[in-house]
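S.K.: 3D, please:
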Amino acid sequence: MTDLFKSFSALVIVSLSLTACSFNNFSLDKITSSQEAALRPLDQEERTQDFDALVIAIREYYGPLQYKENRFGYTLDQLVQEYRPLALAAKSDAEATGVIKMFLSRLQDGHVSMAGQLDSVQNYSVPVLLTPVQDRALVAMVMDPGFSEDTGIEVGDEVLEVDGQPTMSYLSIIKKYEAMGNALSDKYWIMKLLNRPSYITELTPKKSSVALKIAKQDGSVVEKTVVWKKGANEKLLPSSYVLGNAFDTSYSSAANELIQADLSKFGAETPFFMTPQAMAALKFVQVNPSETYLKKFGMTDLSKNPKLFAGFYRHEGQNILFIRQATYGVKDPDERIIWYKALLAEYGPLADKLVLDQTHNPGGSLGYALDFARLFAKGDSRSLVNFLHADRKWLSSLAMISKMTEITGQSKRSIELTSKLVESAYDKGLHMTETAINLGFWDYIPQADVTFDGPILLLVDELAGSCGDIFPSLMKTNKLATLFGERTIGLGGNVEQVVTLPSSQISVNLTRGLFFVYSPTGEYDMKNAVENNGVTPDIHYQHTVKDVRAGYVDYVKAFSKAAVELK
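M.R.: Numbering: from 1, shown residues only. Predicted coordinates for the structure are as follows:
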């Protein structure tokens, strides 16, 4: 991992330590007791202050603003004229929050998110999570086993109607408040239908129960009436994920939420499709690098062995090595790179083909993603660059980094050049830097000391975003792998918390730049940006209802066949 990324992380740790020290004089009992009393709802002036503060933050700090205006045919001023009167007219905190959510959704950016909540913003739910498959709503998870026993509703059932209306017809209402910037990924917001935050005011329940029409897997159709459970809107709680800095963070809490609905567990090391049925069909055997190879590549403390997911199997007479990359948002990237190196060194020579799985990956550390890419790079593999928004916040951050003792040599010169590029654009009144910034200080990705030289199949899908877009973009552009699956989300910029709204104290994360694969000519066409485009697979595969219900056997056979056929 580069010195810059490590230094940024060190800076964040110091900042968090100072913050923690500031609480030493407070009593936990006092804090707890103060939280027991609910805050009064915001008044009109306070809601207006929040909205205006958000607009200022977007105008001053949102990197892709001009890109979005050109792509979607609006201006920020037009959006303000449309939504500010609604913010003033809001009759409740929930309604005011809904206005802000609708306003932000127009950015079509799954990186943009809110953290924190108001006491009066509630959630109406039944213990069922829905996921879209072939434009049908299947039960992905039942959170309460007793609920299945009482109602007979099970994973894999199809919800045909909710309160007499076709289930997927509600999606147009939900998408007014939630957006990933990719129509395929946005279908997953159907999860909100049975877990409704009260800020989606059109869906606030009018009755204490909801009527469900269910198609069972045996073809029978049943109707169930289920009581709503009302509680705190936990979907607005801050994510537990903390990486630390804008330059090194490309992570989507929105993608995290959709993955939870589809998978029931975020960043799962075991792939969602590696069911017992699928593993049996492949005769899949899990493998791990031996202690000898781990030590060879630098893991002196074997207690730090991350024990990731990988396996070996034969298909149509060929040996296939399978490696899972679940998330780039981890606390032990260095140990993980050692693990992958040891695995490739030990098992790579035995494999005819390599299948890399990066499905359902919501991103994380750019440094880690680039280090992972080094394991497959060739000498001419182009790296990632970033156009930064021209603002004083960047200048302040870069100045702080350049003064750190850990930053020396080429790293220090690169930071100073980056600062000059931002300052030049800022002084000219430009929105973004005129020159792309080389992330990791590489025009071309340096090869690692271990690589895989054979054909590679990379699995991608519509729930892979941020670094989950970046890694496949590098692999495809550099012709390092053949991509199999669905188009990735298209979340193409680094992310940072930029404002805490003054009245509600809700914090807002915004995208701060735009990513591209490095161009030797220095020319970049906006239509090739990662943002909103994602990465299109070379071989398309769409899951079917039959496939999902049968444990993804058809899927694993399909990608295995594709791997075998690689030249």
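S.K.: Tell me which stretches of the stretch 1-150 of the chain form strands.
M.R.: With DSSP state E, counting those that start in this stretch as the criterion, the stretch 1-150 of the chain has strands at 113-115, 122-125, 128-133, 136-142.
S.K.: Quick one, which of those strands gets closest to Ser209.
M.R.: Of all the strands of the stretch 1-150 of the chain, strand 122-125 sits nearest to Ser209, with 10.6 Å by C-beta to C-beta. For glycine as for every other residue, the C-beta is placed from the backbone atoms N, C-alpha and C.
S.K.: Now do that closest one: everything it contacts.
M.R.: 94, 194-198, 204-205, 228-235 (C-beta atoms under 8 Å, 6 or more residues apart in numbering).
S.K.: And for stretch 218-236?
M.R.: The contact list for stretch 218-236, computed with C-beta under 8 Å, 6+ apart, reads 97, 114-117, 121-127, 151-153, 160, 195, 197-199, 205, 208-216, 257, 506.
S.K.: burial measure for Thr225, as a count.
M.R.: Neighbourhood size, Thr225 [other C-beta atoms under 10 Å]: 11.
S.K.: before we move on, what about Gln358?
M.R.: 29.
S.K.: Look up the closest residue to it, ignoring the ones flanking it.
M.R.: Excluding the flanking residues, the one nearest Gln358 by C-beta to C-beta, 6 or more residues apart in numbering is Gln325, at 4.9 Å.
S.K.: Just the local confidence number for that neighbour, please.
M.R.: According to the prediction, Gln325 has pLDDT 97.
S.K.: same deal with Glu234?
M.R.: Per-residue pLDDT puts Glu234 at 57.
S.K.: Need the strands of the stretch 1-150 of the chain in JSON lines (columns: mean pLDDT and distance to Leu354).
M.R.: Converted to JSON lines, the strands of the stretch 1-150 of the chain look like this (pLDDT from 0 to 100; distance: least, C-beta to C-beta, whole Å):
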{"stretch": "strand 113-115", "mean pLDDT": "86", "distance to Leu354": "34"}
{"stretch": "strand 122-125", "mean pLDDT": "91", "distance to Leu354": "42"}
{"stretch": "strand 128-133", "mean pLDDT": "93", "distance to Leu354": "28"}
{"stretch": "strand 136-142", "mean pLDDT": "93", "distance to Leu354": "29"}
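S.K.: Could you dump these into CSV with mean neighbour count and distance to Lys567 added?
M.R.: Listed next are those as CSV, based on neighbours: other C-beta atoms under 10 Å; distance: least, C-beta to C-beta, whole Å:
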stretch, mean neighbour count, distance to Lys567
strand 113-115, 19, 42
strand 122-125, 20, 50
strand 128-133, 24, 32
strand 136-142, 21, 37
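S.K.: For these, give me a markdown table that also has distance to Gln358.
M.R.: Shown next, in a markdown table, are the strands of the stretch 1-150 of the chain (distance: least, C-beta to C-beta, whole Å):
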| stretch | distance to Gln358 |
| --- | --- |
| strand 113-115 | 22 |
| strand 122-125 | 31 |
| strand 128-133 | 19 |
| strand 136-142 | 20 |
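S.K.: okay, and for the chain, where does confidence drop off?
M.R.: 1-39, 117-119, 233-247, 260-267, 440 (pLDDT under 70).
S.K.: which stretches of the stretch 401-550 of the chain form strands?
M.R.: For the stretch 401-550 of the chain, applying DSSP E, counting those that start in this stretch gives strands covering 437-438, 456-460, 482-485, 495-500, 507-511, 513-517, 539-540.
S.K.: and those strands, which is most packed in?
M.R.: strand 456-460 (a mean of 27; mean count of other C-beta atoms under 10 Å).
S.K.: returning to what we had before: ok, of the contacts of strand 122-125, which one's closest to Leu42?
M.R.: Closest approach between those and Leu42, by C-beta to C-beta: Ala94, at 10.8 Å.
S.K.: what's near enough to touch the closest one?
M.R.: Under the criterion of C-beta under 8 Å, 6+ apart, the neighbours of Ala94 are Leu118, Ser120, Val121, Gln122, Pro197, Ser198, Tyr199, Thr201, Thr204.
S.K.: Over to Tyr555?
M.R.: By C-beta under 8 Å, 6+ apart, the neighbours of Tyr555 are Phe273, Ala278, Tyr541, His543, Asp547.
S.K.: Check these and tell me the two furthest apart.
M.R.: Across those (C-beta to C-beta), the longest gap, 14.1 Å, separates Ala278 and Tyr541.
S.K.: Could you give the number of residues near the residue nearest to Ile445 when sequence neighbours are not counted?
M.R.: Among residues not flanking Ile445 along the chain, Ala377 sits closest, at 4.1 Å (C-beta to C-beta, 6+ apart). Neighbour count for Ala377, taken as other C-beta under 10 Å: 22.
S.K.: Please determine how far Ala377 is located from Val422.
M.R.: For Ala377, the distance to Val422 equals 28 Å [C-beta to C-beta, to the nearest Å].
S.K.: and if you look at Gly490?
M.R.: On the measure of C-beta to C-beta, Gly490 and Val422 end up 25 Å apart.
S.K.: Then Lys341?
M.R.: Taken as C-beta to C-beta, the span from Lys341 to Val422 is 35 Å.
S.K.: what does Leu350 give?
M.R.: According to C-beta to C-beta, Leu350 and Val422 sit 48 Å apart.
S.K.: higher neighbour count, those two?
M.R.: Val422 (24 against 10).
S.K.: pretty sure the more buried one is touching Thr433, no?
M.R.: Yes. At 5.8 Å, Val422 and Thr433 qualify as touching, with contact defined as C-beta atoms under 8 Å.
S.K.: overlap in contacts of these two?
M.R.: Residues touching both Val422 and Thr433 (C-beta under 8 Å, 6+ apart) are Leu388, Ala390.
S.K.: what's near enough to touch the nearest residue to Gln44 once chain neighbours are set aside?
M.R.: For Gln44, ignoring the flanking residues on the chain, the nearest one in space by C-beta to C-beta, 6+ apart is Leu88 at 6.2 Å. Shown in contact with Leu88 (C-beta under 8 Å, 6+ apart): Gln44, Arg47, Thr48.
S.K.: okay if I get the residues you listed as a markdown table plus distance to Thr405 and neighbour count?
M.R.: Shown next, in a markdown table, are the contacts of Leu88 (distance: C-beta to C-beta, whole Å; neighbours: other C-beta atoms under 10 Å):
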| residue | distance to Thr405 | neighbour count |
| --- | --- | --- |
| Gln44 | 50 | 13 |
| Arg47 | 46 | 25 |
| Thr48 | 45 | 17 |
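S.K.: Restricted to helices, list those residues.
M.R.: Using DSSP state H, Gln44, Arg47, Thr48 are the members of these that sit in helices.
S.K.: rewinding a little: I'd like the strands of the stretch 401-550 of the chain written out as TSV, with distance to Ala558 added.
M.R.: Shown next, in TSV, are these (distance: least, C-beta to C-beta, whole Å):
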stretch	distance to Ala558
strand 437-438	38
strand 456-460	11
strand 482-485	8
strand 495-500	34
strand 507-511	34
strand 513-517	28
strand 539-540	9
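S.K.: So for Ala183, which of these sits nearest?
M.R.: Per C-beta to C-beta, nearest to Ala183 of the strands of the stretch 401-550 of the chain: strand 539-540, 15.4 Å.
S.K.: got the contact list for that closest one?
M.R.: Thr482, Leu483, Phe484, Gly485, Glu486, Ala562.
S.K.: between those, which is nearest Asp443?
M.R.: Leu483 (23.3 Å).
S.K.: Wait, that closest one touches Leu474, no?
M.R.: No. With contacts counted by C-beta under 8 Å, Leu483 stays clear of Leu474, the gap being 11.4 Å.
S.K.: returning to what we had before: and the strands of the stretch 1-150 of the chain: which comes nearest Tyr368?
M.R.: Nearest of those (C-beta to C-beta): strand 113-115, 20.8 Å.
S.K.: Return the distance of that closest one from the chain's centre.
M.R.: Computed by C-alpha atoms, centre = their mean, to the nearest Å, the chain-centroid distance of strand 113-115 equals 13 Å.
S.K.: Look up phi and psi at Ala326.
M.R.: Note on Ala326: its backbone torsions stand at phi -80, psi -40 [degrees, to the nearest 10].
S.K.: Many thanks, we can stop here.
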